[in-house]
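> here are the coordinates; sequence isn't available:
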C-alpha cells in the first residue's frame, strides 16, 4: 500500500468515527450548526476521493515519465557511441597528419641540407674535427676505467678463490698431520707433493712481516719446521697461529695441541704440560661430544710429558684421570684414547715393578704391579687388537711374570706388525732399569726376529 493510499484511509476512518460518535445532533448544538457540520463532512469526503483520484493519475504520470527518461537515455547512449566513433576517426586522421608532417619535415631538412651547399658541410666537418676526437678520447678513457675496475674485481675474486683453495688444502694437511701424531711420538707423514707445496707456501710466508701473516702462514711455517726437526720453531709458529683472532675455536684447539706436541718432540716437556693444561682448562668442560676427543688426547699426551718430568706415578695419575672420565664412552675415537691411556698406564706400572724388583727382588709388590699392568694392556688390546706397541708390552709383562711360553705369540705378532722399529723399541725398553729376566728377553726378541726374517740362502 502506497503512502498516499494509507493517508487517505486514515482520514476517512477518522471522519467516520467523528460521524458515528456524533449520532443524533447534540441537544446543546443548534440545528443550523449541525447541518453546517454535516455539509462540511460531505465536502471533506469528496476532497479525499478527489485526492485519491489525483494520486492515481500522478502515479500514471510518474510511470510515463520513467519510460520517457529510459528512451531518452538510450538515445543519448546512441549519440555518445556515435561521437566516440567520430573522435576515433579524428584521432586516426591526426596520426596520419602527424606522419605526413614528419615526412614533409624530413624532406624539408634533406632538401635544406643539400641546399646549404658546401659551406654547411665545411662547418660541420670543422666541428667534427674539433670535438669528435675529444669525445672519442673521453669514451676510450671511460672504457679503460671500466675495464680496470673489472680486472680489479676479477683479481680479487681469483685471490679469494686461491685462498679458499689453499685453506682447504691446508686443512686436509693439518688433519692428516694431526692424525699421524696421535701417539705423541710420530712426525707427520706428508706426500712428496704435499711437502713441495708446504715448502713453497712457507717460503712465501717467510717473506711477509709478522703483522701481515695469517693463520695459514704460521701453519705452513710450522709444518716446514717440523720437517727440518726444528721443533722449537714449530712450537712458536703454532703458538702464533692459535693467537690469530680470525680463526674459529676448532683451529685454536688444533694449533694448541700441535704446539704442545712440538714442545714434546723438542724435549721441553714442562712447556708441553703447560699448553696441554691450558687446552684442558679452556675446553675441558665443553658439552659437545666432538670436544671430548680433544680433551682425552690432551690428557693422554700430557701423561707422557708428566712421565718424562715427574716420574711414573705422576703419569699414572694423569692416565687414571682420562680413564675415569672417558672409560665408559662408546664413541670409537674416545675408546681409542682410553686404550692409549690404559696401555701407557700399564707401561708405567711395569717400570715401577722393575724398580721395586731392583730394590727388593721379585716381591709381592712387584708382582702385583705387573699383574695390574697386564690387565690394563689387555683391556687396551680389546679395543685395538692389532696394535704392535700394545702387543709388545703384553709380551714383555708376561715374560717378567715368568710366563715365557705365553709371551712368544704376542711378541712374534708385534715384530711382524711393527717391523724393525718395534724390535728396537723392545730392546730399548728392556734396557731401562734392567732386571734378571731382561737378558733372556733380549735373546727371545733376536730369535723371533731371525725366524721372521731368515738370512738369504
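Nice, I can see it. Small disclaimer: the values here were computed from a predicted structure and weren't measured.

> which of the residues in stretch 376-387 are buried?
Buried residues in stretch 376-387, defined by neighbour count with 16 or more other CB atoms under 10 Å: 376-381, 383-384, 387. C-betas here are computed from N, CA, C, even on glycine.

> Next secondary structure after the helix or strand where residue 333 lies?
For residue 333, the host element (DSSP states H and E) is helix 332-360. Proceeding N to C from helix 332-360, the next assigned helix or strand is helix 364-383, under DSSP H and E.

> Now the helix or strand just after that next one: average pLDDT?
As assigned by DSSP H and E, the chain's next helix or strand after helix 364-383 is helix 388-400. The average pLDDT for helix 388-400 rounds to 96.

> ok and the helix or strand following helix 388-400 relative to helix 332-360, angle-wise?
As assigned by DSSP H and E, the chain's next helix or strand after helix 388-400 is helix 404-430. Here the directions of helix 404-430 and helix 332-360 differ by 90 degrees (axes from the mean of the first three to the mean of the last three CA atoms, to 10 degrees).

> for helix 404-430, which positions count as buried?
Using 16+ other CB under 10 Å as the test for burial, helix 404-430 gives 407, 410-415, 418, 422-423, 425-426, 429-430.

> Equivalent analysis for stretch 429-437, please.
Residues of stretch 429-437 classed as buried: 429-430, 433, 435, 437 (neighbour count, 16+ other CB under 10 Å).

> contacting residues around that stretch?
Residues outside stretch 429-437 that contact it (CB atoms under 8 Å, 6 or more residues apart in numbering) are 351, 354-355, 357-358, 362, 392, 396, 399-400, 402, 438, 441-442, 445.

> Going through those residues, which ones are buried?
Burial by neighbour count, 16+ other CB under 10 Å: within the contacts of stretch 429-437 this picks out 351, 354-355, 357, 362, 392, 396, 399-400, 438, 441, 445.

> And the buried residues of stretch 429-437, which is closest to residue 250?
Residue 250 lies nearest to residue 429 out of the buried residues of stretch 429-437, by CB to CB, at 36.2 Å.

> The closest one and residue 450: what is the separation?
Noted for residue 429: a distance of 20 Å to residue 450, by CB to CB, to the nearest Å.

> again with residue 231
For residue 231, the distance to residue 450 - CB to CB - is 36 Å.

> more neighbours, those two?
Shown here are residue 231 and residue 450; by other CB atoms under 10 Å, residue 231 has more neighbours (20 against 10).

> Count the residues that sit near the closest residue to the more buried one other than its chain neighbours.
Leaving aside its sequence neighbours, residue 231 sits nearest to residue 266 (CB to CB, 6 or more residues apart in numbering; 3.7 Å). Using other CB under 10 Å, residue 266 has 17 other residues around it.

> any idea of the pLDDT on residue 266?
94.

> In this protein, what residue spans correspond to strands?
Counting by DSSP state E, one finds no strands in the chain.

> what's the weakest-modelled helix or strand in it?
helix 3-22 (a mean of 49; mean pLDDT, DSSP states H and E).

> what about residue 424, distance to residue 446?
Residue 424 is 12 Å from residue 446, where distance means CB to CB.

> Then residue 281?
Distance of residue 281 to residue 446, given as CB to CB: 47 Å.

> what does residue 211 give?
According to CB to CB, residue 211 and residue 446 sit 58 Å apart.

> higher neighbour count, these two?
When residue 211 and residue 446 are compared for neighbours, residue 446 comes out ahead with 12 against 5, by other CB under 10 Å.

> if I look at that one, how far off is residue 282?
Distance of residue 446 to residue 282, given as CB to CB: 48 Å.

> What of residue 193?
Using CB to CB, residue 193 is found at 35 Å from residue 282.

> out of the two, which sits in the busier spot?
Comparing residue 193 with residue 282 by other CB under 10 Å, the one with more neighbours is residue 282, at 14 against 8.

> and the more buried one, how far is that from residue 403?
Distance of residue 282 to residue 403, computed by CB to CB: 45 Å.

> So for stretch 432-443, first residue to last residue, what's the gap.
End-to-end distance of stretch 432-443 (CA to CA, to the nearest Å): 16 Å.

> Now do the contacts for the residue nearest to residue 374 when sequence neighbours are not counted.
Excluding the flanking residues, the one nearest residue 374 by CB to CB, 6+ apart is residue 397, at 4.7 Å. By CB under 8 Å, 6+ apart, the contact set of residue 397 is 346, 350, 370, 373-374, 377.

> Need the max-distance pair from the residues you listed.
370 and 377 (10.5 Å).

> Show the pLDDT at residue 361.
Value for residue 361, per-residue pLDDT: 76.

> gap between it and residue 354?
Separation of residue 361 from residue 354 (CB to CB): 12 Å.
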